[in-house]
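Q: any chance you can model this:
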Amino acid sequence: MSIEFTLEWRSAYPECHIQIGGDNVSAYTGQGYAVRVTSSSLRLYRNGSTSGFPSQSYQFVGRNKARVRICMSKAARSITALIDGVVVAQWTDPAGFVATGKGLLFYPQQVPAKISNILVTRWDGELPGPNTAPSPKTNEDTVELANGDRITGGVKSIVDGMLHLGTEYALLEIPMSRAVQLTFSSGDAERARRNRNDVRAHFRSGAVLTIDLLSLAEGTARGASENFGETTFPLRQAQLLEFNIYDERDEDGWSFR
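A: Model prediction:
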């Protein structure tokens, strides 16, 4: 199981517990696990126990927002925490997996916190590699291949499953089946105007697409963008659809969606 959410806090750092797999969501008790988030670490506890698993250092100071993901495997008796797509903590319970309930409880402590964009899905056991890092910003298009290599250049076309990429040395033909991710340069691009009906689609590959939603019918989403025109995609390919995606902020700068 994978649980993802956006965590925001008003103070200098966050402080909250996330209770997972418990049998009681009306109180901070019962079975399952709790992940405690503090200013400089994450720590896993069995619910009801005051002695936790070894804490893992992570600095939240200087920030006010993070995307948190917690992955659990019953077979491996493991719990893994990721912050903004990077693995920061991994624990194994030698006494056996106890998250047999269906409860999910967010329990802020002492400081205000906002939880949003919650996503609960099955987990295939795959995690980013230890050297995984965001692609560097570049004025060229970037293709990431299945073996981890990255090639930069200019995308000429994608025809019959083949990506034609112009590089400094040659025009390459790359089967799309070998491409994990394609990132287009934003150097000369203008940001599309924001529309009331804009929707942000998150795909299982990690790609994110924002479109002006035109229709949802027969399992298909149809939309358009000033950047690339009209497009369609099967809804089964999307892991998450976000509506009302643009922030509105109150007088204190606290964001709402």
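Q: and the strands in the stretch 151-257 of the chain, which stretches?
A: 162-166, 171-175, 179-183, 198-203, 208-217, 220-225, 229-234, 238-242, 248-249, 255-256 (DSSP state E, counting those that start in this stretch).
Q: quick one: closest of those strands to Arg67.
A: Arg67 lies closest, by CB to CB, to one member of the strands of the stretch 151-257 of the chain: strand 198-203, at 11.0 Å. All C-beta atoms are positioned from the backbone trio N, CA, C, and that covers glycine.
Q: elements contacting the closest one?
A: Contact here means 3 or more CB pairs under 8 Å, 6 or more residues apart in numbering; DSSP states H and E; on that basis strand 198-203 packs against strand 208-217, strand 220-225, strand 238-242.
Q: same thing but 10 Å
A: strand 113-121, strand 208-217, strand 220-225, strand 238-242 (3 or more CB pairs under 10 Å, 6 or more residues apart in numbering; DSSP states H and E).
Q: ok, now which ones touch Leu172?
A: 143, 151, 153, 156, 162-166 (CB atoms under 10 Å, 6 or more residues apart in numbering).
Q: show me which of these is closest to Ala66.
A: Taking the contacts of Leu172 together and measuring to Ala66 by CB to CB, the closest member is Val143, at 28.7 Å.
Q: quick one: that closest one and Leu182 touch, right?
A: Yes - look at Val143 against Leu182 with CB atoms under 10 Å: they come within range, at 5.5 Å.
Q: give me the common contacts of these two.
A: 155, 163, 165, 174, 176.
Q: ok, back up a step: may I see the strands of the stretch 151-257 of the chain organised as JSON lines, with distance to Gly103 and mean pLDDT added?
A: Output for those, formatted as JSON lines (distance: least, CB to CB, whole Å; pLDDT from 0 to 100):
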{"stretch": "strand 162-166", "distance to Gly103": "45", "mean pLDDT": "89"}
{"stretch": "strand 171-175", "distance to Gly103": "45", "mean pLDDT": "91"}
{"stretch": "strand 179-183", "distance to Gly103": "35", "mean pLDDT": "78"}
{"stretch": "strand 198-203", "distance to Gly103": "25", "mean pLDDT": "85"}
{"stretch": "strand 208-217", "distance to Gly103": "30", "mean pLDDT": "88"}
{"stretch": "strand 220-225", "distance to Gly103": "32", "mean pLDDT": "90"}
{"stretch": "strand 229-234", "distance to Gly103": "32", "mean pLDDT": "86"}
{"stretch": "strand 238-242", "distance to Gly103": "22", "mean pLDDT": "82"}
{"stretch": "strand 248-249", "distance to Gly103": "31", "mean pLDDT": "56"}
{"stretch": "strand 255-256", "distance to Gly103": "26", "mean pLDDT": "46"}
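Q: mind exporting the C-alpha coordinates of stretch 49-61 to CSV?
A: Extracted in CSV, the C-alpha atoms of stretch 49-61 (Å, rounded to 0.1, in the frame of the first residue of the first chain):
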residue,chain,number,x,y,z
SER,A,49,4.3,1.8,22.2
THR,A,50,6.5,4.6,23.5
SER,A,51,9.8,3.1,22.2
GLY,A,52,10.1,3.5,18.4
PHE,A,53,12.3,2.1,15.7
PRO,A,54,15.5,4.0,15.0
SER,A,55,14.9,7.6,13.9
GLN,A,56,16.0,8.9,10.5
SER,A,57,17.4,12.4,10.1
TYR,A,58,15.7,14.8,7.8
GLN,A,59,15.8,18.6,7.9
PHE,A,60,12.4,20.4,7.4
VAL,A,61,13.6,23.7,8.8
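Q: can you check the pLDDT for Pro136?
A: For Pro136, the pLDDT comes out at 51.
Q: picking that back up, among the contacts of Leu172, name the buried ones.
A: With burial judged by 16 or more other CB atoms under 10 Å, the buried subset of the contacts of Leu172 is 143, 151, 153, 163, 165.
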